[in-house]
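> pasting a predicted model and its sequence here:
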Amino acid sequence: MSSSWDGIGGPDMTSGMQAIGSMFFGAPGGPPQELPIAPNHRGVDVSVSGQTVRVDVDALAEFSGLFLQMRDSGSLECNLIDFPGGAPVFRQVVFALVSKGGGAGDQAVLQVTDDTILQFLEAAWLLECPRIYDKVVESPYMRSLSSRRKVELLEHMLPFTHASSPTEGQQAQH
């Protein structure tokens, strides 16, 4: 009798675990490679870890202090060399901000895991974007954590709340 169960660590178990993980933490994959730019909005090129991503600066300015400054200054490009998680995390963040889902599907856009949570928290600080903090805290992953682990993550976030924003630091130098 043959079955799809291949034993511990077999290829069928891997795909089964991915399916179970996607039920709890969102679908695998990620946002589309091309991010939408609304009609009558301005696109800017953001260089992230050697990749260029074109984003809608007008839409992002609503949520991000960094993109608000870019829009107001008329900048055409931005260089985020050491963005936490590189281009894949940047694309997820941008897509989460500009998507019009507005429901539980919206939460699946940020694939918050043990490996990505600190990247998302740092990205939220770097982009001056409280909405990303909200999306991380509301994610199925965060809801699944023990109280102890949540406290550890909050302790990691605390220094970000005391530090000035990246742009405030730049303005203080002038």
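Ah, there it is. Owing to the predicted nature of the structure, the values given are computational and were not obtained by experimental measurement. Residues are numbered from 1 along each chain as shown.
> residue 94: neighbour count?
When neighbours are counted by other CB atoms under 10 Å, residue 94 registers 25. No exception for glycine: its C-beta is placed from N, CA and C like everyone else's.
> give the buried residues for the helix or strand hosting residue 156.
Residue 156 is part of helix 147-162 when elements are defined by DSSP states H and E. By 16 or more other CB atoms under 10 Å, the buried positions in helix 147-162 come out as 153, 157.
> and if you look at stretch 39-59?
41, 42, 44, 46, 48, 53, 55, 56, 57, 58, 59.
> if you count contacts, what does the helix or strand containing residue 79 end up packed against?
Taking DSSP H and E as the definition, one finds residue 79 inside strand 77-80. Judged by 3 or more CB pairs under 8 Å, 6 or more residues apart in numbering; DSSP states H and E, strand 77-80 is in contact with strand 43-48.
> can you list the strands that the strand it packs on pairs with?
strand 51-56 (antiparallel), strand 77-80 (parallel) (DSSP bridges).
> okay, it in PDB with CA atoms only?
The C-alpha coordinates for strand 43-48 follow below in PDB (Å, rounded to 0.1, in the frame of the first residue of the first chain):
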ATOM      1  CA  GLY A  43       7.300  56.800  -9.300                       C
ATOM      2  CA  VAL A  44      10.800  56.800  -7.800                       C
ATOM      3  CA  ASP A  45      13.600  54.300  -8.000                       C
ATOM      4  CA  VAL A  46      14.700  52.800  -4.700                       C
ATOM      5  CA  SER A  47      18.000  51.000  -4.700                       C
ATOM      6  CA  VAL A  48      17.900  48.100  -2.200                       C
END
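> what are the contacting residues of it?
Where contact means CB atoms under 8 Å, 6 or more residues apart in numbering, the residues beyond strand 43-48 that reach it are 37, 52-57, 70, 75-81, 83, 86-87, 90.
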